[in-house]
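# please find the sequence and the predicted model below.
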Amino acid sequence: MPRIWLRVHGEISAAGGEVIIFLITPSGRSYEQLTGNQLVLVSLEGLAYTGSLKPSSEKGIHALVYKTHPKVNCVIHTPQEMASLMSLIGNNIAISDDWRELLGETIPTSQYGLPGTKALMKQVGRVLKDYATPAVLMANHGALCFGSSPQAFPTSFFPRGGGANNHLGKER
């Protein structure tokens, strides 16, 4: 039986211009009590960071998105219930006409890799190179959404009551 990794929160990162560093949420911190000075500055090459707080274990996935899509300035990994359930299907999700302008024809699903590992980065990297889409489902692990700004995120597709409800069982 496949494992599903549900967490209370995902993580978010932001960068600007020619990305060589990015800010990401720290590991193990409650979002309700998180302050701006607790965001962790991470180097795109080598994933080095400064300060006493550890960056999210998913920093490598965020760096991979910035490297693969140079126009991206924001990345969010969200283990929302609907995104996590859709990722269990294990197939690409066909997108209805209502959502195609935002998402393209398909939301691809990467193969499984343990959270925070090079195996997960490898699987997500394959999908990022093959699809021009602002969202990727990570098998058993939720959604990875990215864009030029937080307003460009396709996260409205995944919450309960969003467009994803119309797509369960409609894999491509």
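It's in.

# spatially central residue in the chain, please.
residue 144 (1.8 Å; Cα atoms, centre = their mean).

# tell me the contacts of that one?
Taking Cβ atoms under 8 Å, 6 or more residues apart in numbering as the criterion, residue 144 is in contact with 61, 65, 75, 76, 77, 124, 135, 136, 137, 138. Any C-beta I mention is one placed from the backbone N, CA and C, and that applies to glycine too.

# ok, residue 62 to residue 88 distance?
Note on residue 62: its distance to residue 88, by Cβ to Cβ, to the nearest Å, is 23 Å.

# and the helix or strand of the chain with the lowest mean pLDDT, what does it pack onto?
Every helix and strand of the chain was ranked by mean pLDDT, DSSP states H and E. The lowest is helix 81-89, at a mean of 79. Applying 3 or more Cβ pairs under 8 Å, 6 or more residues apart in numbering; DSSP states H and E, we find helix 81-89 packed against strand 135-138, strand 142-147.

# just how off-centre is it within its chain?
Mean C-alpha position of helix 81-89 versus that of the full chain (Cα atoms, centre = their mean, to the nearest Å) differs by 13 Å.

# cool, thanks, signing off.
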